[in-house]
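Visitor: Provided below for reference: sequence and predicted model.
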Amino acid sequence: MTKKITVAVIALLFSQFYFSQEKPQKETKEKEIEGVVITKTKKAVEQKADRTIFDFSEQESLNTGSAMEGIKKLPGLVATDIAGMMYQGKMLAVYLNGRPLNISSNDLTSFLEGMPANSIERIEVITQPGAEFPASSGGAIMNIITNKNANKYLTATYSGNYAFTNEEKFRSRTNNSLSLNARNKYFGWQLRVGQSYRESEMNSNQDNLVLSNTDRIARGTFAKAGLTFDLGADKLLLNYDVYNNNNDNLTLSDGSYLLSDKVLNKYTALDAAKTNSLRQEAVISYQKRFDDKNKKLDFQAGYTRSNNDFYQDNIYNNSTFYGNQSYGRVLDNTSLMQVSNFKVDFSQPVKILDEGKVSFGGLYENQIFDTESKGITNLEYQRNTASTYLEFQAKLKKFDFTLGTRAENYDISGTTRLTDSDGVLQEEALIPFNKFKLFPNASIQYNLMNQVYLALNYNKKITLPSISALNPNNNTFEGPNSSITGNPYLQPTVFDNFEIKLSAFDYAFIGYNVSSIDNQVAQLLSRKGDVIENKQVNIPNMRIHNFNVGMPIPFMIFTKPFGEIMKMNFNPDKINFLYVYAGYVKHEIKEIDPKGMWVVNLMAQVVLPSQIKMTANYNVLSKKAGYYYFESEKPFNQKFDLTFTKKFLNDKLTLSVYGNDLFNTQVTQLHSRPLEGESVFLYNKTDTRNFGFSVNYKIPTKNKLAKEDANILKQNNPNDSNGGVVAPAQ
């Protein structure tokens, strides 16, 4: 298989060199009778001092299929079911349109698999969150922006996708979405609705104790609505989002366990599980604007409600012991999360050195999370957070400075009710967390030349345990020799993040960052006898080191002098290039001393005849690599994807055909490194190889010169000054 991949990469490089001989085509100027329309080309990747922005809207290799499939193609990003999402060595908090998703890691995977990738406008990975972001953002933030701009007159965009897999049997995947935008003299409105349907299969092996095959059917629907009212220079914005996932799993498992007389007993079981989740969010914002457009005052109130129902039924088994204990309804769990918040943000220019800006604001947030198991409330969790921040930005010649701090006060309490070994329900209070803490941040950026800068960053952050880690319920799968539990006693994680980074022309960079971490939450898998235990624990202290480099290689370097290339003002969509990303991540945990991990991503673009664009992605994580309390036995996340795209009707219609994981190499095979108990071998293989096509059609506006309004479906960038931000990141 390695030889096949090597041959494919060599062939790809040869094809790129061949097509690089073609001269770049001159861009055609679009003319109108009333004037000239100037179109600004979006950047595929944009580097800023505190974040990296990936454009999804114009990259067909990213916006076909599900959001999860597109996210996994981002260079430097690692997404796993074992330890969540990580970017350049940093754990990611996931935001949607500037607000924390606040959903469990299990629900997050379903949520992103159910979201069409073509509903994403861009993704911002904020590696250095400033004081305006909550300190609980942790090491870094992945903010998913789904909004579109509203135009005068009614406009509509349809996006559809169909894919299939054929590992053992034919399985279909489809998603559709429709976006409507309009404005009249009183208000503007936007509506985006969509659905997804996904059939998939997973085969797994847990230390040869449990062999299972799971058939999955995931159904998702969503609607996003926004209204904006102009009140002079000010704006009033209303948003309502709703997401629903309805998933079915059918698992056939074979396993063995020891009876009390030490006789090995084998079983075969068939279990049916169902998950139904509903997430609703309402936000109201008032944006006060002034004569000075760089001065602004925003008020925002929001409410999020998320319900999750899960049950597992054992519908067949051939083991008398297992049947007497668990036949019928095995799990019956529900959870309800409610988050209410109010925030205010103010910023204005001030004279600091050559120029500067001051920003300050506050946030109050209340979170309630309750869980039930078979009708018994086994967790009542409540968190109140009050915070304020102050941040200064200044310029002095070629230097940019940022200095700020955020003060947060936490009041976390709750009660858990768990059954002891004798079957008696015991009630205990959670370990309270009542603290006031300061979280400073500072950065210095030196602009070496235009679009080339060197940055030094520091920030202190905290991450509160996710609700999935706290949830004592097992909401995945339960068998006679497996135990999966949450840990309601987990403590918050504190980060000290340091980074040095050199960036050039948005696409090229080299950087190093290190995080010193106390109480990192990690998954621990161990075996005691014939029982596999899966739980969440705090790592007392650890460090994460990360070195990363990214470099675009245009293939015109083989035909043109470098000096001539630097003078060209070319469109990245019209040239052939290879983008290389490589990163080295080292988890420094004293008890186990894990090995470092190499992350490699190659993304190539080739413009074929007839302006057909071919995009290829290759991702791999090295084997024998340490990932918290796990070590990989095979290359992890290894896959090769290929997309062909053609635009029609003056770029209003886009058609793409694609294949993901063409060599069927994406597999999870690792072993755990527990602090106590025996190591566990874990193997997971899903039907990641799939083929499909997508279509995107933009119905043109009646007037091509109609004024374009600011976004009203929630967007996050608090540094924007266009006054169109509905829900800036907290």
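Guide: Structure's in. What do you need? Residues are numbered from 1 along each chain as shown.
Visitor: Rank the helices and strands of the chain by mean pLDDT and give me the bottom one.
Guide: Lowest on mean pLDDT, DSSP states H and E among the helices and strands of the chain sits helix 2-19, with a mean of 40.
Visitor: so where do the helices sit in this protein?
Guide: Secondary structure of the chain (DSSP state H): helices at 2-19, 60-63, 67-71, 105-114, 320-326, 467-470, 562-567.
Visitor: Determine the number of other residues adjacent to Met68.
Guide: By other CB atoms under 10 Å, 18 other residues sit near Met68. For the C-beta atoms, the positions are set from N, CA and C on the backbone; glycine is no exception.
Visitor: wouldn't it be in contact with Leu112 here?
Guide: Yes. Applying CB atoms under 8 Å, one finds Met68 in contact with Leu112, separated by 4.0 Å.
Visitor: Can you report how many residues lie near the closest residue to Gly375 other than its chain neighbours?
Guide: Take Gly375 and drop its neighbours on the chain: the residue closest to it by CB to CB, 6 or more residues apart in numbering is Asp332, 7.6 Å away. Counted with other CB under 10 Å, the neighbours of Asp332 add up to 15.
Visitor: Next, find the distance separating the closest residue to His545 other than its chain neighbours from Tyr87.
Guide: Closest residue to His545 apart from its sequence neighbours, by CB to CB, 6+ apart: Lys586 at 4.3 Å. Using CB to CB, to the nearest Å, Lys586 is found at 16 Å from Tyr87.
Visitor: So which of the two has more stuff around it?
Guide: More crowded of Lys586 and Tyr87, by other CB under 10 Å: Tyr87, with 25 against 18.
Visitor: Show the pLDDT at the more buried one.
Guide: On the pLDDT scale, Tyr87 is placed at 78.
Visitor: Please name the bridge partners of it.
Guide: Beta-bridge pairing for Tyr87 (DSSP bridges): Leu77, Lys90.
Visitor: For it, give me its contacts.
Guide: By CB atoms under 8 Å, 6 or more residues apart in numbering, the residues touching Tyr87 are Leu74, Gly76, Leu77, Val78, Val125, Thr127, Ala140, Met142.
Visitor: again, but for Leu390
Guide: So Leu390 contacts Ala131, Val358, Ser359, Phe360, Gly404, Thr405 (CB under 8 Å, 6+ apart).
Visitor: wait, the fourth one sits on Gln348?
Guide: No. Using CB under 8 Å, Phe360 makes no contact with Gln348, being 9.8 Å away.
Visitor: got the residue ranges for the strands in the stretch 601-730 of the chain?
Guide: Secondary structure of the stretch 601-730 of the chain (DSSP state E, counting those that start in this stretch): strands at 612-621, 626-627, 630-632, 636-648, 653-660, 668-672, 681-686, 690-699.
Visitor: Look up the closest residue to Asn541, ignoring the ones flanking it.
Guide: Using CB to CB, 6+ apart, the closest residue to Asn541 is Asp518 (5.3 Å).
Visitor: thought that neighbour was touching Thr493?
Guide: Yes. Shown here, Asp518 and Thr493 form a contact pair, counting by CB under 8 Å, at 6.8 Å.
Visitor: Those two - which one has more neighbours?
Guide: Thr493 (23 against 16).
Visitor: what's near enough to touch the more buried one?
Guide: Gly138, Ile462, Thr463, Pro465, Ile517, Asp518, Asn519, Gln520, Val521, Asn538.
Visitor: And it, how far from Ile144?
Guide: Taking CB to CB, one finds Thr493 at 23 Å from Ile144.
Visitor: still on that earlier bit, of Phe360 and Gln348, which one has the most company?
Guide: Using other CB under 10 Å, the more surrounded residue of Phe360 and Gln348 is Phe360, with 17 against 14.
Visitor: Which residue is the nearest non-sequential neighbour of that one?
Guide: The shortest distance from Phe360 to any non-neighbouring residue, by CB to CB, 6+ apart, is to Leu390 (4.6 Å).
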